[in-house]
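Engineer: Just the structure for this:
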Amino acid sequence: MKVLNLGCGTKTSPKAINIDWSIYLTIKNNYFFRLCSPIILSEDRRNKLRGLDRSILVHDIRKGLPFDDRSVDAVYHSHMFEHIDRSKAPLFLQEVKRVLVPGGIHRIVVPDMENLANAYLQHVARVKDDPSSVCDHDRYISDMIEQMVRKEAYGTRHQPFVLRVIENIVLGDARARGETHQWMYDKFNLANLLQENGFHNIKVLSFNRSAIPDWQSFGLEVKEDGSEYKPQSLYMEATA
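Structural biologist: Next up is the predicted model:
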């Protein structure tokens, strides 16, 4: 069974074709960047670089998927779709549909806007009853919009000043690196978008349920202890 794991980052599976185009892969595949990495990367970042799965296919999905029509059984991606420009999301869905076999499965995992909004409203009510809890209120707003308004990449802003300047010049800001959210989804707008682009049998599932055979054995949505890897996410599947 051929399963694509798009935008995999460091969360890979030996049972899937893992595809990504992250900053770490860019460094690993560029001689000059590799040469400079001991200088510009912290120890934690160097460890992440060394720990990258060698099987990852380095590819920019903005250029399409490098697979033939109707050649893939399932396409999976987690916390990636919200990083695609809203205007380009239909093009991406059409590309996924192109490579899927008839009846193939498209599994999408995104931050759940409904969940985030409910948490925010619950905290609004809490602040009304207990004004002292307002000190924690910005966290609930941050959960919804921080990655939309972020200008500097998260890892870069924790670097020493000189390295911050170098990274921002060489690698660009958060948006240039694909780090910012371009839209947010809930079970309504995501299902509607899938339907508009020719997908069927659209369902909301949980992290441990899927129509992909033996999904749990892929290990992509669980931590080492078996618990949910990305809590409070929206899990949705549809067929081509």
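Engineer: what's the closest non-adjacent residue to residue 197?
Structural biologist: Excluding the flanking residues, the one nearest residue 197 by Cβ to Cβ, 6 or more residues apart in numbering is residue 93, at 4.1 Å. Backbone N, C-alpha and C define where each C-beta goes, glycine included.
Engineer: How about residue 15?
Structural biologist: Counting by Cβ to Cβ, 6+ apart, residue 15 lies nearest to residue 218, which is 5.2 Å off, once chain neighbours are set aside.
Engineer: For that neighbour, give its distance to residue 105.
Structural biologist: 12 Å (Cβ to Cβ, to the nearest Å).
Engineer: Settle it for me: which of these two has more neighbours?
Structural biologist: Applying other Cβ atoms under 10 Å to residue 218 and residue 105 shows that residue 105 carries more neighbours, namely 23 against 19.
Engineer: ok, that one - contacts?
Structural biologist: The contact partners of residue 105, by Cβ atoms under 8 Å, 6 or more residues apart in numbering, come to 73, 74, 75, 210, 211, 212, 237, 238, 239, 240.
Engineer: Quickly note the distance from residue 187 to residue 113.
Structural biologist: According to Cβ to Cβ, residue 187 stands 9 Å off from residue 113.
Engineer: Name the residues contacting each of those two.
Structural biologist: Counting by Cβ under 8 Å, 6+ apart, the common neighbours of residue 187 and residue 113 are residue 234.
Engineer: Would you mind measuring the gap between the ends of stretch 150-167?
Structural biologist: 16 Å (Cα to Cα, to the nearest Å).
Engineer: Which parts of this structure are strands?
Structural biologist: Along the chain, counting by DSSP state E, strands occupy 3-6, 17-20, 57-58, 72-78, 100-111, 200-205, 233-239.
Engineer: Out of those, which gets nearest to residue 121?
Structural biologist: Nearest of those to residue 121, taken as Cβ to Cβ: strand 100-111 at 16.4 Å.
Engineer: Who does the closest one pair with, and is each partner parallel or antiparallel?
Structural biologist: Partner strands and pairing direction for strand 100-111 (DSSP bridges) are strand 72-78 (parallel), strand 233-239 (antiparallel).
Engineer: In stretch 222-238, which residues are buried?
Structural biologist: Neighbour-count burial for stretch 222-238 flags 229, 230, 233, 234, 235, 236, 237, 238 (criterion: 16 or more other Cβ atoms under 10 Å).
Engineer: same question, stretch 185-199
Structural biologist: Buried residues in stretch 185-199, defined by neighbour count with 16+ other Cβ under 10 Å: 185, 186, 187, 190, 191, 193, 194, 197, 199.
Engineer: Using TSV, lay out those residues together with pLDDT.
Structural biologist: Shown next, in TSV, are these (pLDDT from 0 to 100):
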residue	pLDDT
185	98
186	98
187	98
190	98
191	98
193	98
194	98
197	98
199	98
